[in-house]
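Participant: Using only what follows, build the 3D model:
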Amino acid sequence: MATRSYLLTRAIEMNHEHLQLLVTRVMPYGKCGLLFLLCLVLAPAHAGTEALAFDEQTLTLDGERRTVHVPKGYQLELLSLLDAPRMLTFAANGDLFAGSQSGKVYRLPPPYTKPEVLVQLDDYPHSVAFRQNEILIARTNGLYRAPYRPGQGKIAADAVVLLAALPGGGGHNSRTVGVGPDGRVYVSLGIQRDCSDQYLGEGYPFEDQRGGVLVLRESGGKASWEPFASGLRNPVGFDWQPQTGVLYASNNGPDHLGFDQPPEYFSRLTAGSFHGMPWFQFDGKQLQRDDCVSSAPPRPIADVTIPAATFPARNAPLGMAFVPKGAMDASLEFNAVVALHGSWGTQPSGGFMGSAATRRPPKLVVVRFQDGQAIRVDDLITGFQLPDGKRWARPAGVAIGPDGALYFTSDSDTNGLFRLKRMR
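Facilitator: Here you go, the predicted model:
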């Protein structure tokens, strides 16, 4: 009979925190409970959950040789240089679009090596989405739209008009837009700082209705917002899991609790879900009240949805995208690729005064799914940070192309568009 120690060891190897919790719960049932758990642990991995093997690859950028680790059978390449690019979106005709911190909205027709400036705007056009005959552009102070037809190369700045205002202001001023499987328009936005008393709900003035995901309500020729998920400090990236249609979001945790707390979130969002921040923090095991905000929580701790998965603190997760069926390879289908930007926090305190070599390295990871549920996090592309802490790229936006390849942006150091593709 396997021992509890052995089972815990296997659970840790699988990086499956929920399984460790299950060990504790089945212990009162003695041998029957342990036998049941052993069957779970030793069952063959489902397709899409097997461990990845890696190859080392060398890129030459600006005359410098850079080494990365990529999944075996894949190749990484820099396609084009862009000015501070952020979120990525593919249009139905295969054109690729990128928002940016520079005010440019880029259009890149296949093969994505010759970027064009679709329109130049102020107020941070962070991301775009498409509906029939129009483009949607998420800026800090609102969601904008303009008439658009597939293949169009330019938009006049004065053709971009406000659809629905958003709370503006500094601090986490990016806004991400996406059109869901239900055809509705969703936008994410963060609270301003670590512990800003801001919430997507009643009782808060418009400028403080921040920290989560909104869905657009359009009726009678008017557009307004309704909260979809609240209590997220800075949910930059979001996407829908292809098998279940459930919305997931990456989320940046606060900086005031040190280098190791709290973990960054990968959260399952449902209509009306509350994720606790800034009043409650999930420490990897349980929820804790955060005393940095003195206001009464708008909802009780019992309402808080804990993350579906976590990343170590100070990783700064940004863009994410699910891998649809037929893209990349079968082992990655229906998994979520997340860009970890890497924060400025250093050991031991989490402040910026320590050695740069101790910062979390930027990378891309994959949240592995089994039967529609997140089970663990694996590395996907690593090597963007040198031993001395210098970074030569910082992943930001992520998208899966119609060719089945993974595309991502880097918005500092190397500013540009990368592609990870399978070698034929």
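
Participant: Now for this protein: which strand has the highest residue count?
Facilitator: Of all segments of type strand in the chain, defined using DSSP state E, the longest is strand 406-422.

Participant: For that one, what does the pLDDT average out to?
Facilitator: Taken as a whole, strand 406-422 has a mean pLDDT of 97.

Participant: Which strands and helices lie in contact with that strand?
Facilitator: Taking 3 or more Cβ pairs under 8 Å, 6 or more residues apart in numbering; DSSP states H and E as the contact definition, the neighbouring helices and strands of strand 406-422 are strand 74-81, strand 85-90, strand 96-100, strand 336-340, strand 393-400. Any C-beta I mention is one placed from the backbone N, CA and C, and that applies to glycine too.

Participant: Phe311 is nearest to which of those strands?
Facilitator: The minimum distance between Phe311 and those falls on strand 336-340, with 6.3 Å, by Cβ to Cβ.

Participant: And the next helix or strand past the closest one?
Facilitator: From strand 336-340 onward toward the C-terminus, using DSSP states H and E, the following helix or strand is strand 363-370.

Participant: partners of that following strand in the sheet?
Facilitator: Strand partners for strand 363-370, identified by DSSP bridges, are recorded as strand 336-340 (antiparallel), strand 373-381 (antiparallel).

Participant: Make JSON lines out of the ones you listed and add mean pLDDT and mean neighbour count.
Facilitator: Below are the strands paired with strand 363-370 laid out as JSON lines (pLDDT from 0 to 100; neighbours: other Cβ atoms under 10 Å):
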{"stretch": "strand 336-340", "mean pLDDT": "98", "mean neighbour count": "28"}
{"stretch": "strand 373-381", "mean pLDDT": "98", "mean neighbour count": "20"}
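
Participant: Tell me which of those strands approaches Trp240 most closely.
Facilitator: Minimum separation from Trp240 across the strands paired with strand 363-370 (Cβ to Cβ) falls at strand 336-340, 10.2 Å.

Participant: Strand 393-400 and the closest one, what's the angle between them?
Facilitator: Inter-element angle recorded for strand 336-340 and strand 393-400: 160 degrees (by axes from the mean of the first three to the mean of the last three Cα atoms, to 10 degrees).

Participant: Who are the contact partners of Leu318?
Facilitator: 86, 236-237, 250, 338-341, 395-397 (Cβ atoms under 8 Å, 6 or more residues apart in numbering).

Participant: Surely Phe259 forms part of a helix?
Facilitator: No - the secondary structure assignment for Phe259 gives coil rather than a helix, going by DSSP: H, G, I helix; E, B strand; the rest coil.

Participant: Just give the number of residues close to it.
Facilitator: Look at Phe259: counted by other Cβ atoms under 10 Å, it has 20 neighbours.

Participant: How about Glu116?
Facilitator: Other residues lying near Glu116 total 13 when counted by other Cβ under 10 Å.

Participant: can I assume it is in contact with Ala98?
Facilitator: No - at 10.8 Å, Glu116 does not count as touching Ala98 under the criterion of Cβ atoms under 8 Å.

Participant: Pull up the overlap in contacts between these two.
Facilitator: Shared contacts of Glu116 and Ala98 (Cβ under 8 Å, 6+ apart): 106, 108.

Participant: what angle do whatever helix or strand Thr58 lives in and strand 373-381 make?
Facilitator: Here Thr58, judged by DSSP H and E, is contained in strand 54-61. Between the direction of strand 54-61 and that of strand 373-381, the angle (the same axes, to 10 degrees) works out to 50 degrees.

Participant: Just give me how far strand 54-61 sits from the chain centre.
Facilitator: On the basis of Cα atoms, centre = their mean, to the nearest Å, strand 54-61 is displaced by 24 Å from the centre of the chain it belongs to.

Participant: can you check stretch 241-251 too?
Facilitator: When distances are taken as Cα atoms, centre = their mean, stretch 241-251 is centred 11 Å away from the chain's centroid.

Participant: how near is Tyr124 to Gly170?
Facilitator: Taking Cβ to Cβ, to the nearest Å as the criterion, Tyr124 is separated from Gly170 by 10 Å.

Participant: So between these two, which is more surrounded?
Facilitator: Neighbour tally, Tyr124 and Gly170, criterion other Cβ under 10 Å: the higher count belongs to Tyr124, 21 against 8.

Participant: give the contact list for that one.
Facilitator: For Tyr124, the contacting residues are 99, 101, 103, 139-140, 173-175, taking Cβ under 8 Å, 6+ apart as the criterion.

Participant: Kindly reformat those residues as CSV containing distance to Ala165 and pLDDT.
Facilitator: Putting the contacts of Tyr124 into CSV (distance: Cβ to Cβ, whole Å; pLDDT from 0 to 100) gives the following:
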residue, distance to Ala165, pLDDT
Gly99, 18, 98
Gln101, 21, 98
Gly103, 19, 98
Arg139, 10, 98
Thr140, 11, 98
Asn173, 14, 97
Ser174, 16, 98
Arg175, 11, 98
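
Participant: Quick check: the two most widely separated of these?
Facilitator: Greatest spacing in the contacts of Tyr124, by Cβ to Cβ: Gly103 and Arg175 (14.1 Å).
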